[in-house]
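Asker: everything below, folded, please.
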Amino acid sequence: MPESFNRSSISIVSVGLTDAYQAPDTAATDRSVIISILASNMKTTGSVGVSCTITDSSDTPIASIGSSLTIPANSSLEIIANRIVLKNGEKIRVSAAEASQIDVTVSALEVTG
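Answerer: From the prediction side, this is the model:
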């Protein structure tokens, strides 16, 4: 089974849930090991709340990773303390309390085939 590292970086431009990363879904055995989910507050003053969820490929929630996590101005927060395994097609989705203030980077090891 081939393995490769991947990274997805996005800016949260609305307050609704936004796809930050999706595990490969070519084969039923595809998986991703999420190594890091880093959220950064781009504001120079004031904190922003973020929430992070695992969903299936049709956006049905599976588990909350963090809810209403507060990120101070000009700071970053590592949302996961350890690795998370996503099955084929599952997603990491993030929402922010304010639009256009949070950047999110997800790092993953993808196992395909």
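Asker: got the contact list for the helix or strand encompassing residue 4?
Answerer: Taking DSSP states H and E as the definition, one finds residue 4 inside strand 3-12. With contact meaning C-beta atoms under 8 Å, 6 or more residues apart in numbering, strand 3-12 is reached by 18-21, 32, 50, 94-96, 99-112. Placement of C-beta: from N, CA and C, glycine included.
Asker: paired strands for it, with orientation please.
Answerer: Strand 3-12 sits in its sheet next to strand 102-111 (antiparallel), going by DSSP bridges.
Asker: could you dump the strand it pairs with to PDB, C-alpha only?
Answerer: Output in PDB follows, covering the C-alpha atoms of strand 102-111 (Å, rounded to 0.1, in the frame of the first residue of the first chain):
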ATOM      1  CA  ILE A 102      -8.800  31.900  10.600                       C
ATOM      2  CA  ASP A 103      -6.300  29.900   8.500                       C
ATOM      3  CA  VAL A 104      -6.200  26.100   8.900                       C
ATOM      4  CA  THR A 105      -3.500  23.700   7.900                       C
ATOM      5  CA  VAL A 106      -4.000  19.900   8.000                       C
ATOM      6  CA  SER A 107      -1.100  17.600   7.600                       C
ATOM      7  CA  ALA A 108      -1.700  13.900   6.900                       C
ATOM      8  CA  LEU A 109      -0.100  10.700   5.900                       C
ATOM      9  CA  GLU A 110      -2.300   9.100   3.200                       C
ATOM     10  CA  VAL A 111      -2.300   5.300   2.700                       C
END
